[in-house]
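Visitor: The following comprises the amino acid sequence and a computationally predicted model.
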Amino acid sequence: MEYNFSFNYVAIVLYFLLLFFFSGKKRINLQIYTIYYVMLGSMLFSAIMDVILFQQIQSGTFQGMMIMDILAAVYILFQKIIFPICVMYLMGISNIDLTKNKKWRMGLEIPYFLLLGLVIASVWTGWVFDFDGRGMITAGSIPQIMQIYMAYYAVLTTLIFIRYRKTIGFGRITYILNCVAFIFCANMIQRIFPEQRIFFFIMALCVICMVYSVKRPDEEFDEANALYRDILLDEVALDYKTKSPFFILFIRIHDFKILTDSLGQDSVNEMLSDVVSFLTVFTRGTNVFRVDDNVLALKMKVMEEEQTENMIKAIAQRFKQAWRNGGMKAILSASYVKAKCPEDVPVYEDFVRLISVVGRKEGIIDHVYGADEIIGEDYEKDIIEAIKRGLEKDKFQVYYQPIFSTKEKRIVAAEALVRLNDDKLGFISPEIMVPLAEREGYILEIGKKVFTEVCRFFMEENLTAFGIEYIEVNLSVKQCMHHKLAENFLEIMKEYGLSSSQINFEITESSAMVSNAALISNINYFEENGVSLSLDDYGTGYSNVSYLYQMPFQILKIDKSILWSSETNQKADFTLRSIFNMTNKLGLHVVVEGVETEAQIVKLLKLGCDYFQGYYFSKPIPGKDYIRYLEEFQLPEVCDA
């Protein structure tokens with residue numbers, strides 16, 4: 001049979017050109033392009049082997065000799081490796097990282113290695129391939145081997161399409177399926193007209209279309225030859241998911257707007273391209289990402305601290321020299337932000353926040369910042385904005401944590417706690433939000449809103465009917481120092497018809513330490529009008545006994561840290577018992593916070609505790625849930641002693 005190798009020769013030239021084009025265009029260290037290079041290489045060798053094998057079959061020079069079996073085995077192995085490589089390419093555009101996902105990698109490689117063994121064995125057994133009397137290559141004695149092999153990769157491809165259809169996108173899936181159909185048709189034509197060696201030419205055309213229609217280089221790189229931000233985020237998301245540590249260095253170019261206004265965007269991009277080239281060569285092929293107009297990022301493996309410092313110093317030293325700008329040169333000023341992830345940036349959401357902040361950070365030239373400096377500062381700004389939104393849109397909520405009376409053996413009170421669930425930031429911890437609100441001067445407005453809501457809730461829900469005697473409301477230092485606080489709050493109580501006994505104000509130990517005339521005046525005004533006071537968080541500060549007899553507190557709230565420590569620490573246990581002995585002699589009632597176990601309840605009952613507050617009874621809950629809790633409350637057996 002006379003074979004026509006013209007299509008193969010064209011295919012070989014196309015594969016060489018594609019390899020040359022991509023190896024010389026840009027330095028690429030992405031999985032998808034590594035796979036693409038392997039795909040091109042395997043197809044190139046397959047096309048070459050196709051020419052060599054069928055030229056020998058045509059000439060008949062080595063007919064019947066083992067060399068033909070070896071050539072056929074090599075040809076089949078190169079040809080059939082295209083199947084797993086194509087599936088690997090599909091995994092690449094699906095963002096499946098084969099270096100970190102062992103299951104996908106094993107599922108991809110094992111069938112080919114099994115086929116490898118069977119093909120090598122076929123040189124002697126003829127299981128996978130054989131030669132007929134005319135010297136033509138034919139299917140072996142077990143043709144099902146190849147059928148099962150191809151069916152397996154077809155099923156694997158289908159599974160990837162189904163599972164990662166959103167990542168791949170409908171347009172890409174459609175295009176890939178069209179390519180598969182086209183290749184299938186080419187294979188059928190090759191079978192009908194075996195003398196026309198057309199298959200690898202069709203494959204070359206499909207590969208060219210695939211890389212430009214499915215995953216084009218211009219989708220990855222910007223005008224400065226840096227990779228786009230989304231590529232970095234995809235990589236980092238996978239690293240956090242697989243718990244793979246990495247090091248990130250952000251390089252922030254200063255005065256970027258002035259540069260673009262004076263030199264033009266094209267000139268600045270040319271300079272940045274020079275920077276990217278230097279960074280790529282200096283870090284031996286590390287990918288350079290552009291995460292903002294004025295911010296480049298290097299992502300690499302975690303190094304020793306000394307190596308990291310030396311690398312940053314070398315980069316900073318290079319930035320003191322001029323960068324190329326056409327026929328001119330210009331010096332760029334920069335500052336740096338470094339982070340070991342996830343050590344310095346524990347969660348992916350914080351990493352995204354870090355990226356968004358770096359470009360806005362007005363840093364000091366040549367200074368190296370830690371991630372915590374950047375994230376912490378910006379997060380405070382975001383929370384302050386959330387506080388403002390909460391006040392404007394009335395987003396602050398009041399939660400209630402039940403307080404159990406050991407004497408009455410029922411729920412008699414609750415502590416009112418402020419909560420903020422922001423539309424952008426979600427739930428914001430009060431431990432972070434309240435100190436910022438105090439510092440920025442919003443706590444007075446928040447406190448007034450919270451107290452007004454407590455009074456409304458108490459009367460409108462008729463809490464007295466549920467046996468609720470009072471609600472505890474926290475007062476911050478700033479509130480206590482406001483000279484009209486007590487008068488204003490008593491006016492609100494009067495407006496809603498609450499008696500003085502139905503509210504108890506909690507003042508922290510740190511507030512009690514403040515020597516301020518307004519604070520003393522407010523405390524005295526509350527006392528004169530019959531409003532009870534609690535000393536909150538006792539045991540977390542100096543635990544000064546003088547507050548207990550110098551100020552008119554009726555209730556002492558012991559911080560949960562003392563209770564929890566007393567279970568394992570003898571000194572803490574002695575301290576807890578001493579506090580109870582002291583409060584009994586001073587005639588104070590005691591509330592213990594953080595009660596979570598029956599063992600703690602038994603212990604506190606023996607010490608003569610008056611009130612329990614903690615998760616054993618309930619976490620802080622919204623008002624409606626608190627009402628439901630009161631309706632359904634059942635006395636725990638351990639409390640019925």
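Guide: That came in fine, so what should we check first? Quantities reported herein were computed from a predicted structural model and do not represent experimental measurements.

Visitor: make it CA atoms for all contacts and neighbour counts henceforth
Guide: Noted.

Visitor: Surely G370 touches S335?
Guide: No: G370 lies out of contact with S335 (Cα atoms under 8 Å); the separation is 11.4 Å.

Visitor: Count the neighbours of the residue nearest to S565 when sequence neighbours are not counted for me.
Guide: Leaving out its chain neighbours, the residue that sits closest to S565 by Cα to Cα, 6 or more residues apart in numbering is A572, at 5.8 Å. Around A572 there are 17 other residues, counting by other Cα atoms under 10 Å.

Visitor: got a list of what A572 touches?
Guide: Shown in contact with A572 (Cα atoms under 8 Å, 6 or more residues apart in numbering): 562-563, 565-566.

Visitor: Can you tell me which of the residues you listed is closest to F201?
Guide: Among these, S565 lies closest to F201 (Cα to Cα), at 75.9 Å.

Visitor: Sketch out the low-pLDDT regions of this protein for me.
Guide: Residues of the chain meeting the criterion pLDDT under 70: 22-32, 210-220, 326-327, 360-362, 376-379, 509-516, 539-550, 641.

Visitor: again, only this time at 50
Guide: Scanning the chain for pLDDT under 50 picks out 25-27, 542.

Visitor: what's the burial count for F612?
Guide: F612, neighbours per other Cα under 10 Å, totals 26.

Visitor: ok, now which ones touch it?
Guide: The neighbourhood of F612, defined by Cα under 8 Å, 6+ apart, consists of 403-406, 591-593, 595.

Visitor: And the residues you listed, which two are furthest apart?
Guide: Taking Cα to Cα, no two of these sit farther apart than T406 and E593, at 13.8 Å.

Visitor: Give me the residues contacting stretch 592-600.
Guide: Counting by Cα under 8 Å, 6+ apart, 557-561, 563-564, 601, 609, 611-617, 638 sit against stretch 592-600.

Visitor: That stretch: end-to-end distance?
Guide: 10 Å (Cα to Cα, to the nearest Å).

Visitor: buried sites along that stretch?
Guide: For stretch 592-600, burial by neighbour count (16 or more other Cα atoms under 10 Å) applies to 592-596, 600.

Visitor: Which members of those occur in helices, if any?
Guide: With helices taken from DSSP state H, the overlap with these comprises Q600.

Visitor: nearest to Q56, of the buried residues of stretch 592-600?
Guide: E596 (83.2 Å).

Visitor: quick one, helices of the stretch 151-300 of the chain?
Guide: Secondary structure of the stretch 151-300 of the chain by DSSP state H, counting those that start in this stretch: the helices cover 165-168, 170-192, 199-213, 229-242, 256-263, 265-282.

Visitor: G370 and S335: which is more packed in?
Guide: S335 (22 against 14).

Visitor: you'd agree that one is up against L249?
Guide: No: using Cα under 8 Å, S335 is not in contact with L249; the gap is 10.4 Å.

Visitor: Spatially central residue for this structure, please.
Guide: With distances taken as Cα atoms, centre = their mean, the residue of the chain nearest its centroid is Y348 (1.8 Å).

Visitor: Which neighbouring elements make contact with the strand or helix carrying D50?
Guide: Element membership for D50, per DSSP states H and E: helix 31-59. On a contact count with 3 or more Cα pairs under 8 Å, 6 or more residues apart in numbering; DSSP states H and E, helix 31-59 meets helix 6-25, helix 66-80, helix 82-93, helix 199-213.

Visitor: then the second one to CSV, C-alphas only?
Guide: The C-alpha trace of helix 66-80 is given here as CSV (Å, rounded to 0.1, in the frame of the first residue of the first chain):
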residue,chain,number,x,y,z
MET,A,66,11.1,-7.9,16.1
ILE,A,67,12.2,-4.4,15.3
MET,A,68,8.8,-3.9,13.7
ASP,A,69,7.1,-5.0,16.9
ILE,A,70,9.2,-2.6,18.9
LEU,A,71,8.4,0.3,16.6
ALA,A,72,4.7,-0.6,16.7
ALA,A,73,4.8,-0.7,20.5
VAL,A,74,6.5,2.7,20.8
TYR,A,75,4.1,4.2,18.2
ILE,A,76,1.0,2.9,20.1
LEU,A,77,2.3,4.1,23.5
PHE,A,78,3.0,7.6,22.1
GLN,A,79,-0.4,7.6,20.3
LYS,A,80,-2.4,6.4,23.3
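
Visitor: for it, the distance to its chain's centre please.
Guide: In terms of Cα atoms, centre = their mean, to the nearest Å, the centre of helix 66-80 is found 48 Å from the chain centre.

Visitor: Could you check the angle it makes with helix 199-213?
Guide: Following axes from the mean of the first three to the mean of the last three Cα atoms, to 10 degrees, one obtains 20 degrees for the angle between helix 66-80 and helix 199-213.

Visitor: relative to helix 31-59, how tilted is helix 66-80?
Guide: For helix 66-80 against helix 31-59, the angle by the same axes, to 10 degrees is 150 degrees.

Visitor: follow-up on the earlier one: just to be sure, which of the contacts of stretch 592-600 are found in helices?
Guide: If you go by DSSP H, the contacts of stretch 592-600 have 560-561, 563-564, 601 in helices.

Visitor: Now for the residues you listed: which two are most distant?
Guide: S561 and I601 (15.3 Å).

Visitor: For those two, indicate the residue with more neighbours.
Guide: Looking at S561 and I601 with other Cα under 10 Å, you find the greater number of neighbours at I601, namely 19 against 15.

Visitor: Give the buried subset of the contacts of stretch 592-600 as a ChimeraX selection command.
Guide: For anyone working in ChimeraX, the buried entries among those, judged by 16+ other Cα under 10 Å, can be selected with:
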select :557,558,559,560,563,564,601,609,611,612,613,614,617
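
Visitor: how does the chain divide up, domain by domain?
Guide: The chain breaks down by automatic domain parsing into domains covering 6-217, 227-370, 394-634.

Visitor: Strands of the stretch 501-641 of the chain, residue ranges please.
Guide: 503-508, 532-538, 555-558, 589-593, 611-613, 621-622 (DSSP state E, counting those that start in this stretch).

Visitor: Just name the most buried of those strands.
Guide: Neighbour counts (mean count of other Cα atoms under 10 Å) averaged over each of the strands of the stretch 501-641 of the chain peak at strand 611-613, with a mean of 25.

Visitor: Listing partners with orientation, what would you give for that strand?
Guide: Strand 611-613 pairs in its sheet with strand 396-405 (antiparallel), strand 589-593 (parallel), by DSSP bridges.

Visitor: Any idea which of those strands gets closest to Y15?
Guide: Proximity to Y15 (Cα to Cα) singles out strand 396-405 among the strands paired with strand 611-613, at 64.1 Å.

Visitor: Which is the succeeding secondary structure element to the closest one?
Guide: strand 410-422.

Visitor: How about Q55, nearest residue that isn't a chain neighbour?
Guide: Y3 (7.7 Å).

Visitor: In this structure the one you found contacts S59, no?
Guide: No: using Cα under 8 Å, Y3 makes no contact with S59, being 10.3 Å away.

Visitor: quick one: which of these two has more around it?
Guide: Legend: neighbour count by other Cα under 10 Å for Y3 and S59, higher for Y3 (15 against 11).
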